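**Student:** need coordinates for the following:
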Amino acid sequence: MAKALSVDLRERVIAAVESGVSGRQAALRFEVSPSSVSRWRGKLVQEGEITPKRQGGDRRSGRIEAYAELILNAVTAAPDITLAELQAMLKDEGLTAGIGSIWRFFDRRKITLKKRPRTPRSSDAGR
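**Tutor:** Here you go, the predicted model:
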């Protein structure tokens, strides 16, 4: 993901616009997009500042976290349950969640559910 443009640049662009330069001219002069100039001006008017918001991060885990008790109870009841089975169970409860989302749910809790191989290793496997 691209890094947010600096507050210093944003301030210089806004200062140019406030001194009478059009938004498009300021965008050309500072090599930013006209839509950025427009957004920054709008943000300054609405919020009184032009600092960028934080980028990245998890925005959706709250949806699956609301079902944490249900998921953990299902794993306790059936320790060999698969992620696909958990996904189907959550769908029955009204939550559409991907396999990756369910995996990250367990990863956040440091829960690993590894199944044992069905047969023991043969004695000559290490040769």
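
**Student:** please parse the chain into its domains.
**Tutor:** The chain breaks down into these domains under automatic domain parsing: 7-47, 61-108.

**Student:** those into JSON lines, with extra columns for mean neighbour count, mean pLDDT and distance to residue 54?
**Tutor:** Any C-beta I mention is one placed from the backbone N, CA and C, and that applies to glycine too. Shown next, in JSON lines, are the domains of the chain (neighbours: other CB atoms under 10 Å; pLDDT from 0 to 100; distance: least, CB to CB, whole Å):
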{"stretch": "domain 7-47", "mean neighbour count": "14", "mean pLDDT": "95", "distance to residue 54": "14"}
{"stretch": "domain 61-108", "mean neighbour count": "14", "mean pLDDT": "93", "distance to residue 54": "16"}
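
**Student:** dump those domains into a markdown table; add distance to residue 55 as well.
**Tutor:** Formatted as a markdown table, the domains of the chain follow (distance: least, CB to CB, whole Å):
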| stretch | distance to residue 55 |
| --- | --- |
| domain 7-47 | 14 |
| domain 61-108 | 17 |
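
**Student:** who wins for proximity to residue 53 among the ones you listed?
**Tutor:** domain 7-47 (9.4 Å; CB to CB).

**Student:** counting by contacts, list what the biggest helix by length in the chain packs against.
**Tutor:** Using DSSP state H to define each element, the chain has its longest helix at helix 34-47. On a contact count with 3 or more CB pairs under 8 Å, 6 or more residues apart in numbering; DSSP states H and E, helix 34-47 meets helix 7-18, helix 23-30.

**Student:** spatially central residue for the chain, please.
**Tutor:** In the chain, the residue lying closest to the centroid (CA atoms, centre = their mean) is residue 58, at 3.3 Å.

**Student:** helix or strand for it, just tell me which one.
**Tutor:** In the assignment (DSSP states H and E), residue 58 maps to no helix and no strand.

**Student:** looking at the domains of the chain, which is nearest to residue 123?
**Tutor:** The closest of the domains of the chain to residue 123 is domain 61-108. By CB to CB, the value is 27.2 Å.

**Student:** what's the offset of the closest one from the middle of its chain?
**Tutor:** 18 Å (CA atoms, centre = their mean, to the nearest Å).
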